[in-house]
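>>> output the structure for:
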Amino acid sequence: TERTVWAEAGDLTLDEEGSPLTLTGILQDITERKQAENALRRAKEKAEDSERKLSDSLVDLQLAQKIASIGNWQFDPALGTPIWSDEIYTIYERDRELGPPHIDEYKQMYGEDQYKIFNEAIGRAISLGEDYDIILKFISPNNNEKWVRAICKPDRSQKGAKGYILRGTIQDITEQKKVEDALRQSQARLHKAQEIANLGNWIWHVPTNELIWSSQLYKIFGVSKENFKGDLFELINKTAHPDDIERVNRIHQSFAETGNPIPYEVRIFWPDGTERTLYSEVGECIRDKQGHPQIITGITQDMTERK
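Predicted structure coming up:
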């Protein structure tokens, strides 16, 4: 067994000629003490390493939150004021020196209608421990209209006299909302343009023979969404002029096999017997790895008045 000892010299006696005769000293077994010192040193090094890793993790977390424009928060209803990560101050454009707002200040932040949504959600989270995931709009101190996604997960293991402790995230989705609004406006303009031109666009999933229409095509074919089954060949067989059915089905079969565009006209009948003349043209063909058409897009226009 290995042991560690401490040796210390004491008195040295000499003979008449000055040569050493005896030397006194002490020996002490310090094995346990050295083991304790080594254990303490290793614990200190481990703590310092953990502190470095924690610091690095916090830096990584802050960077990730900044990139994703998301921050985390927690709220103890007994205190009435939340704890915010740095990114939430950025999202709300709030001076950090002011600290997070008191719960009562949120009404000013969100406005009456948005505050009602927030207040109901957080009230149920505090009292009942219910999660929430809501979208809120507010005007920032810099007078910017912003949108956030607020997610809350109550800690159901911690309920005080005033309710559950809450934790959650706030994400800035303003740019996403702007894109969605722009897309809706673009779609509205497209629908209006198609209505004026009496034109609609379609997507044909060739393997399943499923046909997806824009809203104007229902008007062009004189059918309702409820009565349209999305089957291309059934549609042609039910609505096309008897003299056009075979020709149009051959064209569609050629589409399905080759994907090569062949514009065509077809006469159809509305349910009330009115005859209409339509023009269809393929736009794009998406193929699989073997070159087989999978998705074909195109447009159909009512040419009756022009004819």
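>>> okay, and residue 151 sits in which element?
strand 145-160 (DSSP states H and E).
>>> distance of residue 154 from residue 83?
Going from residue 154 to residue 83 by CB to CB, to the nearest Å gives 15 Å. (C-beta placed from N, C-alpha, C; glycine too.)
>>> give me the distance between residue 107 and residue 114.
Distance from residue 107 to residue 114, by CB to CB: 9 Å.
>>> where in the stretch 151-300 of the chain is pLDDT low?
For the stretch 151-300 of the chain, no stretch has pLDDT under 70.
>>> now do the strands in it.
In the stretch 151-300 of the chain, the segments counted as strands under DSSP state E, counting those that start in this stretch are 163-172, 199-205, 210-213, 264-269, 275-287, 293-302.
>>> just give the number of residues close to residue 205.
15 (other CB atoms under 10 Å).
>>> one more: residue 240?
19.
>>> over to residue 281?
Counted with other CB under 10 Å, residue 281 comes out at 12.
>>> then residue 126?
22.
>>> wait, a helix at it?
Yes. Counting by DSSP: H, G, I helix; E, B strand; the rest coil, residue 126 is located in a helix.
>>> residue 73 is in contact with residue 82, correct?
Yes. The pair residue 82 / residue 73 is scored as a contact, 5.0 Å apart, by CB atoms under 8 Å.
>>> mutual contacts of the two, please.
residue 100 (CB atoms under 8 Å, 6 or more residues apart in numbering).
>>> and the residue nearest to residue 207 when sequence neighbours are not counted, how far from residue 192?
Among residues not flanking residue 207 along the chain, residue 294 sits closest, at 6.5 Å (CB to CB, 6 or more residues apart in numbering). Computed as CB to CB, the residue 294 to residue 192 distance reads 31 Å.
>>> so for those two, which residue has more residues nearby?
A direct count of neighbours by other CB under 10 Å for residue 294 and residue 192 places residue 294 higher, at 14 against 11.
>>> contacts only, for the more buried one.
205-207, 286-288.
>>> top of those by number of neighbours, please.
residue 206 (21 neighbours).
>>> that residue against residue 287, yeah?
No. Taking contacts as CB under 8 Å, residue 206 lies outside contact range of residue 287: 9.6 Å.
>>> which residues do these two both contact?
The contact sets of residue 206 and residue 287 overlap at 293-294 (CB under 8 Å, 6+ apart).
>>> just send the contacts of residue 294 back as a markdown table, with distance to residue 264 too.
Formatted as a markdown table, the contacts of residue 294 follow (distance: CB to CB, whole Å):
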| residue | distance to residue 264 |
| --- | --- |
| 205 | 20 |
| 206 | 17 |
| 207 | 22 |
| 286 | 21 |
| 287 | 21 |
| 288 | 25 |
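>>> mind picking the one among those that's closest to residue 99?
residue 286 (54.6 Å; CB to CB).
>>> gap between the nearest residue to the closest one once chain neighbours are set aside and residue 201?
Take residue 286 and drop its neighbours on the chain: the residue closest to it by CB to CB, 6+ apart is residue 295, 4.2 Å away. Per CB to CB, residue 295 is found 13 Å from residue 201.
>>> with residue 259 instead?
17 Å.
>>> what's the answer for residue 37, then?
For residue 37, the distance to residue 201 - CB to CB - is 80 Å.
>>> more neighbours: these two, which one.
Neighbours were counted for residue 37 and for residue 201 using other CB under 10 Å; residue 201 has more, 16 against 11.
>>> thought the more buried one was touching residue 212?
No. In this structure residue 201 lies outside contact range of residue 212 using CB under 8 Å: 9.3 Å.
>>> ok, residue 295 - contacts?
Applying CB under 8 Å, 6+ apart, the residues contacting residue 295 are 203-206, 284-286.
>>> save the residues you listed as a markdown table, and put in distance to residue 6 too.
Shown next, in a markdown table, are the contacts of residue 295 (distance: CB to CB, whole Å):
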| residue | distance to residue 6 |
| --- | --- |
| 203 | 87 |
| 204 | 91 |
| 205 | 86 |
| 206 | 89 |
| 284 | 87 |
| 285 | 89 |
| 286 | 83 |
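>>> and of those residues, the nearest to residue 7?
residue 286 (86.7 Å).
>>> who's in contact with the closest one?
293-296.
>>> likewise residue 5?
27-31.
>>> format those as CSV; extra columns: pLDDT.
Converted to CSV, the contacts of residue 5 look like this (pLDDT from 0 to 100):
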residue, pLDDT
27, 74
28, 75
29, 77
30, 75
31, 80
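>>> keep only those of the residues you listed that are in helices.
residue 31 (DSSP state H).
>>> export the contacts of residue 5 to CSV and tack on distance to residue 134?
Listed next are the contacts of residue 5 as CSV, based on distance: CB to CB, whole Å:
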residue, distance to residue 134
27, 75
28, 70
29, 69
30, 65
31, 64
